[in-house]
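> with the input below, show me the fold.
(chains A, B, C and D)
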There are 2 protein chains.
Amino acid sequence: MERQAGQLAGLVEDVMHYFGAQGMEEECCGEKISSGEFRALRAALCHDVCTMQHIAKSAAVTKSGATRIIARLEDKGLAHREQDQQDGRVCCVTLTEDGQSLLHRIEDQLKNKMLVILAAMDPAMRKILIISLKSFLQTAQDKKIINGYNVDIVNK
Amino acid sequence: MERQAGQLAGLVEDVMHYFGAQGMEEECCGEKISSGEFRALRAALCHDVCTMQHIAKSAAVTKSGATRIIARLEDKGLAHREQDQQDGRVCCVTLTEDGQSLLHRIEDQLKNKMLVILAAMDPAMRKILIISLKSFLQTAQDKKIINGYNVDIVNK
DNA sequence: ACATATAGTTGATTATGTCAACTATATATT
DNA sequence: AATATATAGTTGACATAATCAACTATATGT
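Next up is the predicted model:
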């Protein structure tokens, strides 16, 4: 299993390499948003009620970083911020129409990229790829929670 | 397959989320190098003869960005730059002892993280995860070359 | 020998994030 | 009810890392 871990680490690095630094960024760039902004958009769409804390965690920035990101998205007309009804301290982030359609456009690009790759793969391989990746991510998520990784993000 | 592509796109985004934005960066930080510098280190180790162009492409920055990155790595004593023998214009980047051991330390951290996750997975699932991921990346790489994606990076 | 292409560097600037101090709201304690 | 404390988010000053455009230096085609 030691060897498997080494292999997997390399594979994950490669995934980040192909679809992270080079892939994603280039896809996004046509749309003129940064990767932090992209992650924030994604977070705002995923979470039903999306606070600044959620943004900060999803984009892996401090809460002040989250403030800047959302401020930029608001300037670009992609997101919107309003005070929570229940708790006046928290601030709910929602996407505008433009924000939603932009996010979908970017995600479609990634999806199309996947489609090209999947089409060149064996059908059985496609199936186990998705099953095993799902299982992997599920386990990773569980482990993170178990390890108490999901601490609140504060200023250091 | 359309649906599979959508699922896969989401899964890949999640991988980048867990091991990219939040995971990797935090691992690196203890070692005080940026993610661009990390990618440059990796590129320098992978490529047998690593030019600034390779660095730029691997780190997804412009060539001037690559210059800055390598300058920083040289200052930190992690990399070394010298003129190519065959072509005086090109500049070969190599890692110092320190650079190599740092890169290995970081990669070990990722490996250990994988070990924790793998340990919690079913052995059969572990196996197909690695097999299918390998196949996926291999196909992705082939497709990129076919699509002529590996263009030279210039200043826009 | 001269024009053009390619590899890399540099000065000025921009983009994105951090830190620490702050405001505002909520919750607990007496 | 008054006060202390915790929590959510914002802001000013600053750091870092990247870009762009202009540059130097070497190589290649005619």
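> make it CA atoms for all contacts and neighbour counts henceforth
Will do.
> residue contacts, the closest residue to residue A:120 other than its chain neighbours?
Nearest residue to residue A:120 in three dimensions, chain neighbours excluded: residue B:139, at 6.9 Å (Cα to Cα, 6 or more residues apart in numbering or on different chains). The neighbours of residue B:139, taking Cα atoms under 8 Å, 6 or more residues apart in numbering or on different chains as the test, are A:117, A:120, A:121.
> Three-state assignment for residue A:92, please.
Recorded secondary structure, residue A:92: strand (DSSP: H, G, I helix; E, B strand; the rest coil).
> any idea how far it is from residue A:60?
Relative to residue A:60, residue A:92 is positioned 18 Å away (Cα to Cα, to the nearest Å).
> look at these two and report which has more neighbours.
Neighbour count, other Cα atoms under 10 Å in any protein chain shown: between residue A:92 and residue A:60, residue A:60 has more, with 23 against 19.
> quick one: the more buried one from DNA strand C, how far?
6 Å (Cα to the nearest atom of the strand, to the nearest Å).
> on that earlier part again, element containing the residue nearest to residue A:120?
Using DSSP states H and E, residue B:139 maps to helix B:123-146.
> before we move on, what about residue A:8?
Using DSSP H and E, residue A:8 sits within helix A:2-16.
> what residues of that helix count as buried?
Neighbour-count burial for helix A:2-16, counted by 16 or more other Cα atoms under 10 Å in any protein chain shown, picks out A:4, A:5, A:6, A:7, A:8, A:9, A:10, A:11, A:12, A:13, A:15, A:16.
> who touches the residue most central in space within chain A in this structure?
Central residue of chain A (Cα atoms, centre = their mean): residue A:39, 4.3 Å from the mean position. For residue A:39, the contact set (Cα under 8 Å, 6+ apart) comprises A:55, A:58, A:59.
> ok, back up a step: could you flag which of the contacts of residue B:139 are buried?
A:117, A:121.
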